[in-house]
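J.: Predicted model follows, preceded by the sequence.
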Amino acid sequence: PSSRLHPLLQYNRQFVALLWDLSEEPNLQSVRALDGSALDWRYLSTPATDPQCKFMRIQCLGFNFWYPLEFNSQDKSGRPTAIPAFNVLVAVYDHLQTPLTPAEYERLGTIPGLRDEVARAFYRRCSRRPLARLEHTQGLKRIDCLLGNTVFLGLTQESPDPVSGFWQLRVGYSNHWTWK
């Protein structure tokens, strides 16, 4: 039995369920409905999967230079709880904002020219920020390894076992969407 994913998180080849640039922190302005309107945030506070999962592991499809993102959800007393859909967006964002480790940077060298491509993506990302100089001082981040493919397309289930919670992040490129 496989898990069903929240409709806004689910990858669909025909359309994108929500508009979100992974380089932007998820909030009311950066995560929008397909028509550009605001989302009902109560809908994003519902569980990410059915049956409800308390643990997720996400790997970005085609960009395996770092270990998968693993996270869970807990209530105030520390008991495991169902992961809300919005928490998935936050966890993905936080994971991609992590600076590259020396080992991850070394792995980039296994593909000719990839370090140069990542550097170009880094400079493009920094140039789009209001505080470009500050962003530049923070160095390369995992998001730079996506080479500008920062459109959230959704998640697909990697494992048919709902307990393992293993998902693949699908990303894409767009230079024509207006995010604000």
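T.: Yep, it's here.

J.: Every contact and neighbour count from this point should use C-alpha atoms.
T.: Will do.

J.: show me where pLDDT drops low in this protein?
T.: 1-2, 159-165, 175-180 (pLDDT under 70).

J.: Let me see the ranges of the helices in it.
T.: All helices of the chain, identified by DSSP state H, fall at 41-44, 85-96, 102-108, 114-127, 132-137.

J.: Which of the ones you listed has the highest mean neighbour count?
T.: Stretch with highest mean neighbour count among these: helix 85-96 (a mean of 19; mean count of other CA atoms under 10 Å).

J.: which residues sit against that one?
T.: 6, 9, 22-26, 44-49, 69, 71, 141-143 (CA atoms under 8 Å, 6 or more residues apart in numbering).

J.: ok, now stretch 118-129?
T.: When contacts are defined by CA under 8 Å, 6+ apart, stretch 118-129 is touched by residues 132-133, 135-136, 140-141, 144-148.

J.: again, 10 Å this time
T.: 23, 105, 108, 114-116, 132-149 (CA atoms under 10 Å, 6 or more residues apart in numbering).

J.: ditto for stretch 63-80
T.: Outside stretch 63-80, the residues that touch it by CA under 10 Å, 6+ apart are 53-60, 81-84, 87-88, 91-92, 94-96, 100-101, 103-108, 142, 145-147, 165-171.

J.: just the strands in the chain please.
T.: Taking DSSP state E to define them, one finds strands in the chain at 4-5, 18-19, 32-33, 49-50, 55-60, 69-72, 151-157, 166-172.

J.: same for the third one, what does it pack against?
T.: Same thing as strand 32-33. strand 18-19 (3 or more CA pairs under 10 Å, 6 or more residues apart in numbering; DSSP states H and E).
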